[in-house]
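Asks: The following comprises the amino acid sequence and a computationally predicted model.
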Amino acid sequence: MSLPSTPLRLAAAVVVLLLAILLPFVVTGGAAKNLVVLALLFAVVASNWDLTLGYAGIFNFAHVAFFGIAGYVSAIATIYFGLPVWLDIALAVAVVAVLAGVTAALALRLRGIYVALVTFAFVQLCVALIISQKWLTGGAVGLVGVPDLALFGHRLSPSGPDYLILAELLLIASTVFLRFLVRSDFGLSIVALRDNEAYAVARGISATRQRVLAMVASSLFTAAAGAVYAHYLIVASPDVFSFSLTTLILSMVLLGGGATIYGPIMAAIALTVVTEQLAGFGVVRFMIIAVLIVLTLRFLPGGLWSLGERLTVLRRNSKQGIGA
Amino acid sequence: MSSVIVAGLVSGSIYALIASGLSLVWGALGVFNFAHGALLMAGAFVAWFVSDPAGLDLGLTAGVLTSMIFMIAAGGVLYVLLVRPWLGKPAAELTVIMTTVAGAMFLENLALYTFGARLKALDQVVTGTVSVAGTAMQAQNLLVIVLAPVLLGGLALFLKLSKHGLAIRAIAQNDEAARLLGIRIERTYFLTFAVSALLAGVAGVMIGGLFNITPSMGSDPLLRAFLVVVFGGLGSLPGTVIAAYLIGLIEAASSYYIGIYWTPVVLFSVLILVLLVRPNGLLGRAP
């Protein structure tokens, strides 16, 4: 993978930060703001999924369920047990991390496609439990009444820019965390396991431990995003476990480009906006998105992010006189 | 008790038809078709459209026949558009999951767009009730229970005896050697998908006659079929069929005795137990 040179990356970071600071001032309309909050939260979920799917090569299809379960933990903790806000988010992250660890330990006894199928079945199990245990989860309607978050006595209001800023901070923290992780020894070890397991194990890497850790790491910010999502919408709903949301977020990962972290974030924002732009088309928009997904996978297998990389390589080559 | 067995055998038969198609494709191509449920739905809609008075009104026989021909073509088209371009590429397994998920999304929304969300039902091939060994059941149920093993037996004979069936199995075992022996691998892949889609279409028509036809009717059976293939071992046809009937019976028994909401929990627990002991399923080979 060829990343742009250091000055270029610094410039990109500055531009992104400026955009992040400007965004709450620019986006003030209700619908647009709602869209941006969703895009940012989905970007967290998609980029964390990239850690397990892209870097570790684990077909964990329960990733979006982590997002949903965190919402329920947070809703149950605040509504039934009156846990103060923020603490419930921490609790949700802890519960989901443990759950991710257990799921990983069980599912990773299996290989490749089996992991995908079993984690898919796990999601169905979650849905069935949530819909059937009405007394606790509100059944198919969802659990309504998750309190708004508050900071130093100031209630975060969905009408102001508060949740947008929170979602931005979450995405930035999550991205820094993920980039740090994938560039660390740990990141190298999970890539090694993905590319050549026998060799990696022979070099003393514990396959199960690293993969379980990768799953747990990918669940942390996903869970935080899920809890914030529940606070933002005031409801924990079984809809987030639907196949269509998993499809949407999976397409963000693949369209953006696996094993890049930045790619899924870009695709999450692009796809949320495109979906909204196509809203007038009704169900036809899903057909258009399906065609777009297949075309991208066909003609741009590395995802949108690889487009930038290709350009960088071209530019560098032409500079050095190798020819484009 | 006997009604539980009938219900279990009916769902087991349908799961067996769906899962054997998935297993066949997995064995030969090493990819997993997530659009299998959508194919099933498409088959049911075609049969409904051709046969129903609200559609072409040509009668059930014409509907089922058209649906079968359509399925063979649809399986082939799906292979050419969503699978073939990625075969042999790195990460083909994951990419094909994604392309077929997109295919399913396309088909389901196409059905929603064309036919609307209202429930539709297919006429039953046979009507009335019959009594077998003192148990009364719908004749359609009996037909499903009898027809599925016949079709699966036909599939087994096709794989064991016919030239094309042998080619599919040869590729599943060792595609390089199969290529060296002059098996036309492209054509065989195409055929595998056509057969798999045909089985899904039969299952779709069966479900359409017993329950309702909706754009999302394929997703629940597909998820059950996932359990079945993991349970039985992907790529093993006998394992898949045994697992399908076991899952069908367990599901019926737990819905009856424990409650319908706990059925997924029961199924999942059984699955975890099986996988802890046999990570490749009941009859699966190590990959």
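Replies: That came through fine.
Asks: hang on, isn't B:Leu199 packed against B:Phe158?
Replies: No. Here B:Leu199 does not reach B:Phe158: they are 11.2 Å apart, not a contact under C-beta atoms under 8 Å. In short, each C-beta sits where N, CA and C put it, glycine included.
Asks: who has more neighbours, those two?
Replies: Shown here are B:Leu199 and B:Phe158; by other C-beta atoms under 10 Å in any protein chain shown, B:Leu199 has more neighbours (28 against 14).
Asks: And the helix or strand where that one lies, what's buried?
Replies: Assigned by DSSP states H and E, B:Leu199 belongs to helix B:185-210. Neighbour-count burial for helix B:185-210, counted by 16 or more other C-beta atoms under 10 Å in any protein chain shown, picks out B:185, B:188-210.
Asks: Tell me the helices and strands packed up against that helix.
Replies: Applying 3 or more C-beta pairs under 8 Å, 6 or more residues apart in numbering or on different chains; DSSP states H and E, we find helix B:185-210 packed against helix B:2-29, helix B:36-51, helix B:60-78, helix B:139-161, helix B:163-173, helix B:175-180.
Asks: and these, which is most packed in?
Replies: Sort the helices and strands packed on helix B:185-210 by mean neighbour count, taking mean count of other C-beta atoms under 10 Å in any protein chain shown, and helix B:36-51 sits at the top with a mean of 28.
Asks: packing partners for that helix?
Replies: If you count contacts as 3+ C-beta pairs under 8 Å, 6+ apart, helix B:36-51 packs onto helix B:2-29, helix B:60-78, helix B:92-115, helix B:185-210, helix B:219-232.
Asks: just checking, what packs against the longest one?
Replies: If I follow you right, that is helix B:2-29. helix B:36-51, strand B:135-138, helix B:139-161, helix B:163-173, helix B:185-210, helix B:219-232, helix B:237-257.
Asks: how far is that helix from where the chain is centred?
Replies: Distance of helix B:2-29 from the chain centroid (C-alpha atoms, centre = their mean, to the nearest Å) equals 7 Å.
Asks: Report the angle between it and helix B:139-161.
Replies: Relative orientation of helix B:2-29 with respect to helix B:139-161: 30 degrees, computed using axes from the mean of the first three to the mean of the last three C-alpha atoms, to 10 degrees.
Asks: any idea how far chain B is from the residue lying closest to A:Glu197 once chain neighbours are set aside?
Replies: Closest residue to A:Glu197 apart from its sequence neighbours, by C-beta to C-beta, 6 or more residues apart in numbering or on different chains: A:Ala207 at 6.1 Å. Separation of A:Ala207 from chain B (C-beta to the nearest C-beta, to the nearest Å): 14 Å.
Asks: Pull the number of nearby residues for A:Ala207.
Replies: Neighbours of A:Ala207 under the rule other C-beta under 10 Å: 16.
Asks: coming back round to it: what's the closest of the helices and strands packed on helix B:2-29 to A:Gly112?
Replies: helix B:219-232 (11.8 Å; C-beta to C-beta).
Asks: Tell me which residues touch the residue of chain B found nearest chain A, please.
Replies: Ranked by C-beta to the nearest C-beta, the top residue of chain B for proximity to chain A is B:Tyr261, at 3.2 Å. The neighbours of B:Tyr261, taking C-beta atoms under 8 Å, 6 or more residues apart in numbering or on different chains as the test, are A:Ala128, A:Ile131, A:Ser132.
Asks: Quick one: mark the members of those that sit in helices.
Replies: Among the contacts of B:Tyr261, the members found in helices (DSSP state H) are A:Ala128, A:Ile131, A:Ser132.
Asks: Give me the below-cutoff pLDDT ranges for the chain.
Replies: You didn't pick a chain, so chain A it is. Low-confidence regions of chain A, defined by pLDDT under 70, span residues A:1-5, A:319-324.
Asks: Let me rephrase: I mean chain B.
Replies: Across chain B, the ranges flagged by pLDDT under 70 are B:284-287.
Asks: show me what contacts the residue lying farthest from the centre of it?
Replies: Most distant from the centre of chain B: B:Leu180, at 31.4 Å, with distances by C-alpha atoms, centre = their mean. The contact partners of B:Leu180, taken as C-beta under 8 Å, 6+ apart, number zero.
Asks: quick revisit: which of the contacts of B:Tyr261 lies at the shortest distance from A:Phe42?
Replies: A:Ile131 (23.5 Å).
Asks: if I look at that closest one, how far off is B:Met71?
Replies: If you measure A:Ile131 against B:Met71 using C-beta to C-beta, to the nearest Å, the figure is 32 Å.
Asks: go on, B:Pro149?
Replies: The spacing between B:Pro149 and B:Met71, counted by C-beta to C-beta, is 20 Å.
Asks: Kindly report the same for A:Leu178.
Replies: Applying C-beta to C-beta to A:Leu178 and B:Met71 gives a distance of 44 Å.
Asks: so what's the spatially closest residue to B:Ala133 that is not a sequence neighbour up against?
Replies: Computed as C-beta to C-beta, 6+ apart, the closest residue to B:Ala133 that is not its neighbour in sequence is B:Ser2, at 7.8 Å. Shown in contact with B:Ser2 (C-beta under 8 Å, 6+ apart): B:Ala133, B:Gly134, B:Thr135.
Asks: And for A:Val37?
Replies: A:Tyr163, A:Leu164, A:Ala167, A:Tyr232.
Asks: got the contact list for the third one?
Replies: Contacts were defined as C-beta under 8 Å, 6+ apart; by that measure A:Ala167 touches A:Val36, A:Val37, A:Leu40, A:Leu41, A:Val44, A:Ala225, A:Val228.
Asks: now swap in the first one and tell me
Replies: By C-beta under 8 Å, 6+ apart, the contact set of A:Tyr163 is A:Val37, A:Leu156, A:Val228, A:Tyr232.
Asks: List the ones among these that fall in helices.
Replies: A:Val37, A:Val228, A:Tyr232.
Asks: of these, closest to chain B?
Replies: Of all the ones in helices among the contacts of A:Tyr163, A:Val37 has the smallest distance to chain B: 24.5 Å, by C-beta to the nearest C-beta.
Asks: what about that closest one, distance to A:Asp50?
Replies: In this view, A:Val37 and A:Asp50 are 21 Å apart by C-beta to C-beta.
Asks: do the same with A:Ile165
Replies: A:Ile165 is 24 Å from A:Asp50, by C-beta to C-beta.
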